[in-house]
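Asker: Give the three-dimensional model of this entry:
(3 chains)
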Amino acid sequence: MPELPEVETSRRGIAPWVEKQTVKTVVVRDRRLRWPVPADIDRKLAGTTIDRVHRRAKYLLFETASGTMLMHLGMSGSVRIIEADEPAMKHDHVDVLLASGKALRFRDPRRFGCLLWAEEPLEHPLLRDLGPEPLADDFDGDYLWRRARGRKVSIKPFIMNANIVVGVGNIYASEALFGAGIHPRRQAGRVSAERMNLLADAIKAVLQRAIRAGGTTLRDFSGGDGEPGYFRQQLDVYERAGRPCRRCETPISAVVLGQRSSYYCKRCQR
DNA sequence: ACTGGCACCTGGGCGC
DNA sequence: TGCGCCCAGGTGCCAG
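Answerer: Residues are numbered from 1 along each chain as shown, chains lettered A, B, ... in the order given. All right, here's what the predicted structure looks like:
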């Protein structure tokens, strides 16, 4: 899926077209997402105005006066602005038709995403136990170090755990660990406070760079305006197994960790 | 409390 | 061209 930079890129792409817009109606073609789209989503949204589009972790939050539509893009989801009469293709599951004549179209071939309604979104079970935002000030090396006390899990799945910190997916976890010079299989509890500082900084840096580039181009992803992201060519290790490390020329290694493929330089990362 | 493993689902790429 | 296999950006849930 879209990782955090892709979700943030999508949010920025759609926000100008959606904020302050009144919803005409919601068309649900297939409600079988990870959880069923609520049967009354149209009743909740029709006639209300979307005041703001926020992001929390990888969720997009469409805020209205009466509640919030939660959207998650899963592994293969995308959202974009279209003309309301544009014909729907396969996997275009939901349209939110706007007073402007445009529509917000949600597409998700694998249907791992979701579209829900909550009156108090931050208290929703899916959101309430999430860790800090990686780009916020309350996320730093000291926080990571404290949370890692006594943890035996490898550092890579540790930073991918949304309960620890949100928004670090499989691509950027590998990239951040390369940036910090930490081996992905090192136990979280055995990373020094000093190196946790490097790691927190590397997570922030890689996410910010990716957002600036408009996200990483992947099979299904494009931003709200339909333009692909350009970060992929800047990746240091992800999907670069066997190719030379950009720092030391050693061939990049691949290993499976927590059922996810992981990439690293065995010379630069310890 | 923590950990690892499985599940959900579709499609693309590969080797034969 | 077709078939079977493996892999893919996430994350909730389960048993141990």
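
Asker: where do the helices sit along chain A?
Answerer: For chain A, applying DSSP state H gives helices covering A:4-18, A:41-45, A:125-128, A:141-147, A:155-160, A:170-180, A:193-212.

Asker: Now the last one: average pLDDT?
Answerer: Going back to what we said before, that points to helix A:193-212. Taken as a whole, helix A:193-212 has a mean pLDDT of 96.

Asker: circling back: out of the helices of chain A, which gets nearest to DNA strand B?
Answerer: helix A:155-160 (5.7 Å; CB to the nearest atom of the strand). For glycine as for every other residue, the C-beta is placed from the backbone atoms N, C-alpha and C.

Asker: Now do the same for the closest residue to residue A:258 other than its chain neighbours: its pLDDT.
Answerer: By the measure of CB to CB, 6 or more residues apart in numbering, the closest residue to residue A:258 outside its immediate chain neighbours is residue A:157, 4.0 Å from it. Per-residue confidence (pLDDT) for residue A:157: 98.

Asker: which residues sit in contact with residue A:157?
Answerer: A:257-258, A:260 (CB atoms under 8 Å, 6 or more residues apart in numbering).

Asker: Please apply the same query to residue A:170.
Answerer: Residues near residue A:170 by CB under 8 Å, 6+ apart: A:3, A:160, A:238, A:260-262.

Asker: Just name the lowest-scoring one in these, pLDDT-wise.
Answerer: On pLDDT alone, residue A:3 ranks lowest of the contacts of residue A:170, at 90.

Asker: one step back: ok, of the contacts of residue A:170, which one's closest to residue A:185?
Answerer: residue A:262 (8.0 Å; CB to CB).

Asker: who's the closest one bridged to?
Answerer: Beta bridges link residue A:262 to residue A:255, judged by DSSP bridges.
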